[in-house]
Structure formats: structure tokens, C-alpha cells
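Undergrad: Pasting the sequence and the predicted coordinates here, then a few questions.
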Amino acid sequence: MPGAIHHLDCGTMCPRAGKLVGGASWLAPGTLVCHVLVIETARDGLVLVDTGFGTRDVADPTRVPAAFRALTRPVLDPAQCAAAQLPRLGYAVEDVRHVVVTHLDLDHAGGLGDFPAATVHVHRDEHAAALHPGTLAERARYLQRQWGHAPRWATYAPRDGERWQGLPAVRELDGVADEILLVPLP
């Protein structure tokens, strides 16, 4: 069983979407967070679920596309990066041995480069779309530089796993002894 699970905000965004995203009125900015989980394991170091924005993107906001910045209005505070928050929990960046990305959008995978030794767990279809974008939407959505450090990938086939609660392919993570399950959502 995993140990403690810590919840981090690794990137606050303040879009002008009013009440749709928690704003007090239709014209007020809302608040969105890049929610990252830090899961302690008994033998396999830390497992992150997503990374939020990374230190490189925060240090150089031009790495985040202008359209994304205009739409989401990210705060880009260095103190919010997962790499900056881990020491406050008593951990080092090197303690992160696995990262599970829910998907490879920049606000979920922007910090991958901050954890170069970690194995990155992702569904095979998402991995293929991100590394070999075939459509204009995919080319705009995924930032190749976020995995330019050549991470060690662990990919999972869409049907690789057991049925559970109506979901087709739930399975444990490769290389993690604790029972942490990868659950594909429609």
C-alpha cells in the first residue's frame, strides 16, 4: 500500500471565464490549479501524478505559448513548481522515481524535465499523439521541448489490464511494488 499522499498546486491559472471556473461574477477571473499528487511508496521512491508547470517554463514564460497564456493567465510562480515544493515535504527532486501523466498537455507535463531520472508512465495512444503529432490540433497542444530530455517512458496499451467498475483496462504501474493503479478514463 502507498504511504502518504500529498496534494500540491503546481500552477495557478486565472482565466477570465467568470462563474464557469469559480469566479465571483461573469467578468471576474476564475481560479484553476494544476493539481499534482505526490505519493510516497515503501520501496520505489516518490510517484507524482502530473507535474504542473516546470521550472524552465516559469523561468522563461515565452516557453508557454502566448495563446495559452492569454487564455488561462497562469501565475507562473517559481514557488509553485513541484521541484520547489518537494523540499518543504522533506524530499529532493531525486526522490521522484515515477511520474504518471494523465495526459501530456503543458500544464500537466511541463515539469517532466525537472525529474530527469523518473520513469514517465502514460497511455500508449497519448504518447504516440504527443511524440508524433499528426494533426494541427496535436501540434498546438503538445510541446516537444517538455520531453526533450529523453525521459524513460513506460507506455500502456488501451486494453492492457483488467475490467473494474465498468472501466476496461485498470492495471498496476510497471516498476512500482506498491498498489498504485492506472485507470483509463473515457
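TA: Cool, the structure landed.

Undergrad: Contacts only, for L32.
TA: 12-15, 21-22, 72 (Cβ atoms under 8 Å, 6 or more residues apart in numbering). Glycine gets a C-beta too; all of them are placed from N, C-alpha and C.

Undergrad: Point out the least confident one among the residues you listed.
TA: Within the contacts of L32, the minimum per-residue pLDDT falls on G22 (71).

Undergrad: before we move on, the earlier item: buried ones among the contacts of L32?
TA: Neighbour counting by 16 or more other Cβ atoms under 10 Å classes 12-15, 72 among the contacts of L32 as buried.

Undergrad: Show me which pair in those residues is furthest apart.
TA: The distance between the two most remote of these (Cβ to Cβ) is 10.7 Å, for T12 and P15.

Undergrad: about what we covered before: I'd like the list of the contacts of L32 that fall within helices, please.
TA: Among the contacts of L32, the residues falling in helices (DSSP state H) are T72.

Undergrad: what two of the contacts of L32 are the furthest from one another?
TA: The widest separation within the contacts of L32 (Cβ to Cβ) is 13.4 Å, between G22 and T72.

Undergrad: For the most centrally placed residue in the chain, give me the pLDDT.
TA: For the chain, D50 is the residue whose C-alpha lies nearest the centre (Cα atoms, centre = their mean; 2.2 Å). According to the prediction, D50 has pLDDT 98.
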